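Novice: My questions concern the predicted model and sequence given below.
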Amino acid sequence: MTRRRHGSAAIILGGVLGGVVALTSAGCSGGSMTSTPSSTTRASAGTAGGILYYLSRRPAKTFDPQRAYIARDIANESRMVYRTLTSYPVATGKDGTRLVADLATDTGTASAGGKTWRFTLKDGVKWQDGSAITCADIRYGVSRTFATDVITGGPSYAVQFLAIPIDPRGGSAYKGPYVKDAAKQALFDKAVICAGRTITFKLTKPVGDFNYTVTMPAFAPYKASVDQGDKSSFAVFSSGPYKLEGTWTEGAGGTFVRNPSWSASTDTIRKALPDKIVFNEGLTDEVIAERLISDQGNDRFAVSDSNVPPGMLATVRANPSMASRTENVDAPFMDYLVPNWKKVTNPKVREALVFATDKNGWVAANRGTSYGKPSQTLISPSVLGYRAFNAFNAPDSGDPAKSRALLTQAGVKEPYPISLTYLGGSTNSEKAADALKAGLDAGGFSTTLNELTDSYYDVIHNPANAQKYDLTWASWGADWPSASTVIPPLFDSRVNLSVASNGFDYGYYRNDAVNRGIDAAYATTDLARQAQMWGDLDETIARDVGYIPLRSQKLYLAWGSRVTGWVDNPALNDYPDLGSLGVDLAVR
């Protein structure tokens, strides 16, 4: 998912990392750390009781499961209040991305070559009011994602995958549960079938990892009797180990307490150690870091999703007590550039752009190597499907001479004029864009910078603007542990298209062989083989210069000295795993 498009709080180039997008994933460990926490905080299992505090700059976007599409929010809500048919265990690295049953008795059964998936609910799973969670609740929750005029901002996988006809405008013929139309409701009911505790999904095409898809909160149950429609954004009706105490205050936070109707006997994933989890929002990154470094009072029991700011790294590294409670871990979010294939039509010119791109300059302008590293691929190393390659063996600092030679081979006039559109709004974003411009100009281009702010994604999504830019910046992270949430949404030229949007194919890339490869990978239920296919497609697209890789992002996180159970779980984008964390209440 794009970090901004899918809800992360208005990330800007060079700005402080926020949450994205999305769940990432399998294949590799959670990342290399510059400092490894000691066993007293990292490995300690912790005990039940006490209060865990969560300090954050960015406000929660929503607590509506069908609206949720920010990685940080998904991580928190899936551990506290919303269970799904399948999920991920409390574990570090590759073990954390292993698919496990949650509300379902197992991880699902595929048939019809992957076009049909069946799951059976466990006995004894309950809502916070003690009523049973039923198949009908799952079905109703999924139905809400089709009400795109009411339930906004969430993912569209149900609309994309379920076997429901498309209307003449390109949307689903089914419009969700708020439109009372028996014929259209029947279309949905044929695609999502309840029989007792068993739910069956009928898909338009084979989806070999659909059981990963249903880890998304968009596929969580929702009780129809408590649905407030467009007023439900911060209403919480819990199926997990915690429930909201009182109300949530946007921009300030709220408190979650134990849900007495939740039973550990039906939930082998979440440890649910703290008695309460208190969220404090709206703090600056500097204030959060200062409080965690000082480690006084309740801050000893605090975690955060916010990066330690660059200006405070020296203080952190000079403080011996911080060595056991900080980490610099790989995040799943990838920065990249997209050539506009409608304008940059000469393959040699596109290849020249690769050699004129100074990735090292980009990383340095974006706060340095503590917050990212040059990348060669679009699939993150933490995602199933990653394969290491360098499509043109271009150095990370670029090769201006090679770029100019390619422009000569292309037979174009130098300097070649090109516009670079980027998400601005900060001094750092301007420095990052300047670093790219310097490399491009040295490589034989004449670069015009086009800075956009809040309207950024509205502009690059809109086909009406296709002739207004040549090269644009973007960022993406996988929605679940598979590159099936990277390659198809970004490069399948047949999906997400309308008069008003090019989906996420910002560069209008088209390769029919890649489209056929996407269909073949989707139809493969052997996920190891499917991963190889995604990796092959990644390299094909890179060699086409469908994208130019820039940076793999990193997080620099800290926590209080009395926090226990810290794990690096890439399935939660390496944000604090509230299913694992506890507090040390021992008197000292």
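Specialist: Looks like it arrived, so ask away.

Novice: any chance you could map the helices in the stretch 301-450 of the chain?
Specialist: With DSSP state H, counting those that start in this stretch applied, the stretch 301-450 of the chain shows helices at 313-318, 347-355, 359-365, 400-410, 427-442, listed in chain order.

Novice: C-alpha coordinates for the longest one, PDB please?
Specialist: The one in question is helix 427-442. Only the C-alpha atoms of helix 427-442 are listed here, as PDB (Å, rounded to 0.1, in the frame of the first residue of the first chain):
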ATOM      1  CA  THR A 427      12.900  21.200   3.900                       C
ATOM      2  CA  ASN A 428      14.000  17.600   3.800                       C
ATOM      3  CA  SER A 429      11.700  16.800   0.900                       C
ATOM      4  CA  GLU A 430      13.200  19.700  -1.100                       C
ATOM      5  CA  LYS A 431      16.700  18.400  -0.300                       C
ATOM      6  CA  ALA A 432      15.800  14.900  -1.400                       C
ATOM      7  CA  ALA A 433      14.300  16.200  -4.700                       C
ATOM      8  CA  ASP A 434      17.400  18.400  -5.200                       C
ATOM      9  CA  ALA A 435      19.600  15.300  -4.800                       C
ATOM     10  CA  LEU A 436      17.700  13.500  -7.500                       C
ATOM     11  CA  LYS A 437      17.800  16.600  -9.800                       C
ATOM     12  CA  ALA A 438      21.600  16.800  -9.300                       C
ATOM     13  CA  GLY A 439      22.100  13.200 -10.400                       C
ATOM     14  CA  LEU A 440      19.700  13.500 -13.300                       C
ATOM     15  CA  ASP A 441      21.300  16.700 -14.600                       C
ATOM     16  CA  ALA A 442      24.700  15.200 -14.400                       C
END
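
Novice: tally of neighbours for Glu290?
Specialist: Burial of Glu290 is recorded as 15 neighbouring residues (other C-beta atoms under 10 Å). Bear in mind the C-beta positions are built from the backbone N, C-alpha and C, glycine included.

Novice: measure it to Gly124 for me?
Specialist: 46 Å (C-beta to C-beta, to the nearest Å).

Novice: Then Val257?
Specialist: Separation of Val257 from Gly124 (C-beta to C-beta): 21 Å.

Novice: Asp577 and Asn76 touch, don't they?
Specialist: No - using C-beta atoms under 8 Å, Asp577 is not in contact with Asn76, being 9.6 Å away.

Novice: May I see the buried residues of the worst-scoring helix or strand of the chain on mean pLDDT?
Specialist: Least confident helix or strand of the chain, by mean pLDDT, DSSP states H and E, is helix 456-461 with a mean of 82. Residues of helix 456-461 classed as buried by neighbour count (16 or more other C-beta atoms under 10 Å): 456-457, 459-461.

Novice: same check, this time on stretch 421-439
Specialist: Neighbour-count burial for stretch 421-439 flags 421-425, 428-433, 435-439 (criterion: 16+ other C-beta under 10 Å).

Novice: the inter-axis angle of the longest strand along the chain versus helix 347-355?
Specialist: Criterion DSSP state E: the longest strand present in the chain is strand 326-339. Interaxial angle of strand 326-339 relative to helix 347-355 (axes from the mean of the first three to the mean of the last three C-alpha atoms, to 10 degrees): 160 degrees.

Novice: Arg291 and Asp584: what is the separation?
Specialist: 18 Å.

Novice: Which one's more surrounded, these two?
Specialist: When neighbours are counted by other C-beta under 10 Å, Arg291 and Asp584 differ, and Arg291 comes out ahead with 22 against 19.

Novice: Could you say which helix or strand holds that one?
Specialist: Using DSSP states H and E, Arg291 falls within helix 285-294.
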